[in-house]
Structures are given as C-alpha cells and as structure tokens.
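Asker: no letters, just coordinates:
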Ligand code: HEM
C-alpha cells in the first residue's frame, strides 16, 4: 500500500499545481493557452509573491515542472551540472540520446566561448560578404512591391552561409557547398523527425528508432558525411607546425571551429577525431541556426510594426557609414546603438522563443538556502517572458519602446555595458544566465546587425493590407515565436 501510495503521489506535491480555472485541462487547451493564461496566472499568484508553483510537464509527464521565483536565480545560474543539468534538459526535450543525436557539450560551448568570441573581429568582413551575396542571390527582383512568401527561409539561408564560413572556413564552408546543404538539411530533419518518430513509437520503445527508423538513420548518415568532410581540415590542423598555430589569435594559419575544438583538446592532452569534430560542430550549427534566424524574423516584424524607428535606424546606419569607409567592423557595428536597443527591446517583448528560461533538470534532491526542496528529476525554470512584461522590472512594459535600453545605457556613465543586446542581466533572460549563458550571443548579435543593416538600407518593407490582422507572433505549448508563414512585401530603395 505504501509503494502504491508513493508511486501515485505527485513527486512534488508540496509545490502548488496550477491548472486552468475552468477545469478544461485538455491537450488542445495547453497548446494554445499555456503561455498567456496558465503561466500568466502562476506568475501573478505565485512568482510575484516569491513562491514556486508547478504545471503539467510537457517534456516528461512523470516528473514535475517547477517554475521558480527569481529569488532562486543566483542559486540556479551558478549551479554545477552535477546538481542542475542543462544538457540533461536538452536531452529530454529532443530525446537526443535515445535517437543517437549528439548533445550540446561543454567542449562545443567552450569552442564558441573562447575561440569564436576571440576571432569574431576578424570574421566580420567575411560575414558581411556572405550576408550580402546570399541576399542578392535569393531575393526576388523588388523594383516594385514584391511578396516574399516566407522571409524566414531566406534569412535562414543567409545566416547558414555566414555561420558556415565562420565555423568551417572557406575551404569547405563556401556558398552552396556540400557542408551548407548538409547542415541546413540536417537542421530541418531533426525538427521534422522528432515529431514523426514520437508519433510512431511508444515512449518506452523510442530507443529502437535509431536502429529501425529510416528518418533517424538518415540523420546519422548525414553526420557521417559531415565527419568525412571534416577529416582533411582536421588532419591539416593537427599536422600544422607549432609556428603556424602559435602566433597570436587572428593571425594564425587556421582560425575556425575545427581549430577552436583542436585547441581545447590539445590543451587537455586528449585526441580529437573527425567524428568528434563533426558531432560538436553540427550541434553548434544546430544551436545557432533556428535561434538566430527566428530572432532575425522577430526583429524584422518589429521594424515593420515601428516604421518611424526603422527610419531613425536607417539614419543611424548612414551616419556611421559616412564616418567610416570600408566593410563593417565590430567597432562600427557597435556604434549602431539605436539598432542595438531596438534588438534588445524585441528580445524583451517576445523573449526570442524563451518563455521559460534557465531550464534545468535536478540531478539530485536539492534544498535551496531558504529550506524549499525539490526532488531529483524535477525540471526547473524561470518565467523569462513574463518577467519581460512585469512593470516592476520594466516600466510601461506593454509599450514597445525602441529607445528604452539606449536611454538606460546612456544614463550610466554615458555608455554602460549593461543594457546592450548581448548583456546578460537578471531582468532579461533571453540568453540565459550564469554557467550556460549563451556563448554564441556575440556572433548572433553581429549576424543580426549585418542582416538588419542590409535589409534596412536596400529595402522598404511592410505587411500587405490583407495580412495586417494576421498575428505576427504564434504560440504553441511553451513556444512563442515569429510567424514564419506571414508574407512580407519588399521594395528596393532608390540610392
Ligand atoms: C539570437 C540568437 C540566440 C539566442 C536567443 C540564444 C539563446 C540561448 C539560450 C537561452 C541558451 C541557454 C542558456 C541558459 O539556459 O542559461 C543558449 C545556450 C547556448 N547557445 Fe545560444 N542563442 C542564440 C544564438 C546562438 C548561436 C549563434 C550559437 C553558436 C555559436 C549559440 C550557441 C549556444 C551554445 C553552445 C549554448 C550552450 C551553452 C553551454 O552549454 O554552456 N547560440 N543560447
């Protein structure tokens, strides 16, 4: 009787459960109303009173999903993986291990945190070339107003090209290379396959899919081909003379993702194989493509909704361009402060698909410093989206104010570090925080600025009158993101 009682009792029954008030707790209701109604209620009734609550866990129905109040933020953001694991959360979210899909890893994150971020300044001209070249190739003739049915697809290819040149260098990353087709195809496949396979196999037999399912096997084949493509570049780096690798970063012979990973493994005195490089790089590409492209679409739709701000940003771009000749640099992109503030406001307003922030799985039963305890296996998270709309954190939160962060930035010593697009602060969690704060955010920022500069200076854009009432953001379960199916009209600007 004791075991029966234990197994039927929710694992966190001391944490209040928030459900829909009218008693309709159907899956359809969860799909449409979780973000606004359910979590809105939890935020008001519990988070605002510094209390935790739980909701049905869409990632693992047997375990609780506990939404924590912000007083626990410091304790979570600096916690080691052995206590609260980000990688375990990603694994459960995408059934990665079960399907044999490589996970984000410490080494992959470090290669972005150290290698990519140090080399970023030397990559901007290349990124600009990839950005302009891909837009020129993919955009239709827009002499008059012309509809682009899914601007997301164009943006995604533009970003994929920028990221290929940065991560695998021009040797194999050049436009239309096999690498690009492979990685873009892989990103599509992972998303599409997950839903299909979960529908085909019961949860307890999902692990069989990697042996039986043709879609899952096709992803494994793609990764194997990626490994083959990376074999030669890796061998070249491992065989490179000390002199070639010793020189200052930026002037080294090789400066790309393969080299950054090789640096990490060489420092540890461990061997790196093409298969390991493939696993880490494909995973980084996967972490970056949708997040950055979907942020770009969100910002574009916000620019459409705020044409006066778009015009002011165009003037800012013209000012910075006329004072500096040559391609964009990190410094000149950094001078686009209004654009920066606009992008941060877009992140505040829509949370860039991160309704829940700092999602982790407790690896051990844990008691917080004030005595509140959670069981091992519980998913924990904070309500980043709702925080972005809380007047106690952001006055007048329902007004999209393009200069909100610029004013704050200027109010502190003329130019604070704290209110920039990439600044990780406790009141805006779109890049997470602490140990796992997104290491790709500087790369994402420069990519987004190059994309916006290209679109703003070359085109006027708007939504057709017939589509004005179509929602710009769509919500499904816990994800809120820009509406990819909304067509945008573009018209070339006369010089
Ligand atoms: C606007 C675009 C992006 C957004 C909104 C975003 C957001 C995030 C968030 C919320 C996290 C989790 C942080 C946490 O829970 O504390 C994260 C982690 C991560 N992101 Fe990004 N990201 C973006 C672009 C990128 C890009 C371009 C890269 C590739 C270079 C990247 C690589 C990563 C990696 C490797 C991690 C895991 C970090 C770790 O394991 O410690 N992200 N990102």
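Answerer: Structure received. None of these values were measured; they are calculated from a predicted model. Numbering: from 1, shown residues only.
Asker: what about the residue in the stretch 1-150 of the chain positioned nearest to the ligand, neighbour count?
Answerer: Taking CB to the nearest ligand atom, the ligand has its nearest neighbour within the stretch 1-150 of the chain at residue 109, 3.5 Å off. C-beta coordinates here come from the backbone N, C-alpha and C atoms, glycine included. Look at residue 109: counted by other CB atoms under 10 Å, it has 22 neighbours.
Asker: quick one: residues contacting it.
Answerer: By CB atoms under 8 Å, 6 or more residues apart in numbering, the contact list for residue 109 reads 436, 439.
Asker: residues from this protein in reach of the ligand?
Answerer: Proximity of the chain to the ligand, by CB under 6 Å from any ligand atom, involves residues 86, 104, 108-109, 112, 116, 284, 287-288, 291-292, 295, 352, 354, 358, 430-433, 436-441, 443-444.
Asker: looking at those residues, which are in strands?
Answerer: Secondary structure from DSSP state E places residue 358 of these in strands.
Asker: now the spatially most central residue of the chain: how far from residue 431?
Answerer: The centre of the chain sits closest to residue 291, judged by CA atoms, centre = their mean, with a distance of 3.2 Å. As judged by CB to CB, to the nearest Å, residue 291 and residue 431 stand 10 Å apart.
Asker: what's the answer for residue 182, then?
Answerer: Distance, residue 182 to residue 431, by CB to CB: 28 Å.
Asker: and residue 453, by the same measure?
Answerer: According to CB to CB, residue 453 and residue 431 sit 21 Å apart.
Asker: re earlier: now intersect the residues of the chain next to the ligand with the helices, please.
Answerer: Mapping the residues of the chain next to the ligand onto helices (DSSP state H) picks out 86, 108-109, 284, 287-288, 291-292, 295, 441, 443-444.
Asker: by mean pLDDT, flag the weakest helix or strand of the protein.
Answerer: Among the helical and strand segments of the chain, the one scoring lowest on mean pLDDT, DSSP states H and E is helix 242-246, with a mean of 62.
Asker: now the helix or strand following it: buried residues?
Answerer: Next along the chain after helix 242-246, taking DSSP states H and E as the criterion, comes helix 257-268. Buried residues in helix 257-268, counted by 16 or more other CB atoms under 10 Å: 257-265.
Asker: list the contacts for residue 300?
Answerer: With CB under 8 Å, 6+ apart, residue 300 has these contacts: 151, 155, 452, 455, 461, 488.
Asker: residue 182 and residue 431: which has the busier surroundings?
Answerer: More neighbours surround residue 431 than the other of residue 182 and residue 431, with 24 against 19 (other CB under 10 Å).
Asker: mind checking pLDDT for the closest residue to that one other than its chain neighbours?
Answerer: Leaving aside its sequence neighbours, residue 431 sits nearest to residue 438 (CB to CB, 6 or more residues apart in numbering; 4.1 Å). You'll see residue 438 listed with a pLDDT of 96.
Asker: how about residue 145?
Answerer: At residue 145, the model reports a pLDDT of 97.
Asker: ok, it to residue 491 distance?
Answerer: According to CB to CB, residue 145 stands 5 Å off from residue 491.
Asker: how many neighbours does residue 81 have?
Answerer: 15.
Asker: and the closest residue to it other than its chain neighbours, how many neighbours?
Answerer: Distances taken as CB to CB, 6+ apart place residue 87 nearest to residue 81, at 6.5 Å, with adjacent residues excluded. Residue 87: 17 surrounding residues under other CB under 10 Å.
Asker: does residue 209 lie in a helix or a strand, and which?
Answerer: In the assignment (DSSP H and E), residue 209 maps to helix 209-212.
Asker: which residues does that helix contact?
Answerer: For helix 209-212, contacts defined as CB under 8 Å, 6+ apart pick out 98-100, 197, 200-201, 216-217, 220.
Asker: most neighbours among these, which one is it?
Answerer: residue 216 (26 neighbours).
Asker: how deep is residue 72 tucked in, by neighbour count?
Answerer: For residue 72, using other CB under 10 Å, the count is 21.
Asker: give the contact list for it.
Answerer: 52, 368, 372.
Asker: phi, psi of residue 461?
Answerer: Dihedral angles of residue 461 (phi, psi; degrees, to the nearest 10) stand at phi -140, psi 150.
Asker: what's the closest non-adjacent residue to it?
Answerer: In space, residue 461 is closest to residue 490, 5.1 Å off (CB to CB, 6+ apart).
Asker: show me how this protein divides into domains.
Answerer: Domain segmentation of the chain under automatic domain parsing yields 1-99+355-388, 100-354+389-492.
Asker: wait, isn't residue 293 in contact with residue 159?
Answerer: Yes. Shown here, residue 293 and residue 159 form a contact pair, counting by CB atoms under 8 Å, at 5.1 Å.
Asker: so which residues of the stretch 251-400 of the chain form strands?
Answerer: Here the stretch 251-400 of the chain has its strands, by DSSP state E, counting those that start in this stretch, at 357-362, 366-367, 373-374, 379-382.
Asker: can I get the ones you listed in TSV including mean pLDDT and mean neighbour count?
Answerer: Output for the strands of the stretch 251-400 of the chain, formatted as TSV (pLDDT from 0 to 100; neighbours: other CB atoms under 10 Å):
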stretch	mean pLDDT	mean neighbour count
strand 357-362	96	23
strand 366-367	97	14
strand 373-374	96	19
strand 379-382	97	24
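Asker: now the ones you listed as CSV including distance to residue 232?
Answerer: Below are the strands of the stretch 251-400 of the chain laid out as CSV (distance: least, CB to CB, whole Å):
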stretch, distance to residue 232
strand 357-362, 38
strand 366-367, 47
strand 373-374, 48
strand 379-382, 42
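Asker: these: which one's closest to residue 58?
Answerer: Comparing the strands of the stretch 251-400 of the chain against residue 58 with CB to CB, the closest turns out to be strand 379-382 (9.5 Å).
Asker: who does the closest one pair up with?
Answerer: Here strand 379-382 has these sheet partners by DSSP bridges: strand 65-67 (parallel), strand 357-362 (antiparallel).
Asker: and the helix or strand following the shortest one, what does it pack against?
Answerer: The one in question is strand 65-67. With elements assigned by DSSP H and E, the helix or strand that comes after strand 65-67 is helix 73-77. Judged by 3 or more CB pairs under 8 Å, 6 or more residues apart in numbering; DSSP states H and E, helix 73-77 is in contact with strand 357-362, strand 379-382.
Asker: mind running it again at 7 Å?
Answerer: For helix 73-77, the elements it packs on are strand 357-362, judged by 3 or more CB pairs under 7 Å, 6 or more residues apart in numbering; DSSP states H and E.
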